[in-house]
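make a model of this:
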Amino acid sequence: MTNGLDPKYLLFGVFPLVGASGGQAVGIGWGLLAAAVFVIPPSLVVYAGVRGGRWSDRHLSVRTQRLPVAVGLSVYVTAVVVLLYAVDAPRPVTAAAFTMAALCALTTVLTAVWKVSVHCTVACAFVAVLSCAYDAEAPWPFMAAPLVALIGWSRVRLRAHTVAQVMVGCLLGTAGTAFLWHLANAAAA
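The predicted structure follows:
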């Protein structure tokens with residue numbers, strides 16, 4: 001369950017759906033492009049680090065290994081957001097990118113002192129971003145919501161996180177997304 005609903009796969013789902021919320025097919029393409037740029041280069045870096053023995057596993061389970069990667073990822077995704085704004089990507093895509101980048105930075109700060117569940121943060125952000133993008137007009141958020149429970153359960157069951165770490169990830173993903181989405185759209189207006 002955890003591998004199949006890895007945050008990077010959820011991003012490949014959320015960005016095209018958010019891109020489609022603008023009602024134009026070009027938004028789906030922008031969403032796919034944003035997902036690819038957000039996900040593929042960092043995934044390759046992590047893969048190379050695991051393969052080269054720098055990190056224990058692709059989930060960066062050891063917190064001391066996770067922090068430097070999270071800081072680098074935060075800088076990288078912030079640059080991607082700036083690039084999306086610079087090339088005038090559709091507003092829903094840039095708002096989703098801004099939201100995800102800010103959540104990445106927040107989880108990085110938390111990771112310095114505690115191991116919050118990034119899986120649950122992204123899963124809740126996935127549902128919340130869809131809710132914001134569609135203003136609860138589409139079934140996507142309701143269809144995606146059960147994924148959060150499955151992901152949270154799997155993270156605890158695998159002993160990758162405590163219930164508290166899962167709950168904080170869910171709170172951060174939900175409340176953080178609601179705030180950041182509206183902040184991104186207010187700044188773009």
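
how close does the residue nearest the centre of the chain get to Thr111?
To find the centre residue of the chain, average its C-alpha atoms and take the closest one (C-alpha atoms, centre = their mean): that gives Val122, at 4.1 Å. Val122 sits 14 Å away from Thr111, going by C-beta to C-beta, to the nearest Å. The way it works is simple: take the backbone N, C-alpha and C, and place the C-beta from them, glycine included.

before we move on, back to that, OK, contacts around the residue nearest to the centre of the chain?
For Val122, the contact set (C-beta atoms under 8 Å, 6 or more residues apart in numbering) comprises 7, 10-11, 100, 103, 173.

now that we have those, which of them are buried?
In terms of neighbour count (16 or more other C-beta atoms under 10 Å), the buried residues within the contacts of Val122 are 7, 10-11, 100, 103, 173.

and the helix or strand of the chain with the lowest mean pLDDT, what's buried?
Every helix and strand in the chain was compared by mean pLDDT, DSSP states H and E; the lowest is helix 140-157, with a mean of 86. Neighbour-count burial for helix 140-157 flags 140-141, 144-145, 147-148, 151-152, 154-156 (criterion: 16+ other C-beta under 10 Å).
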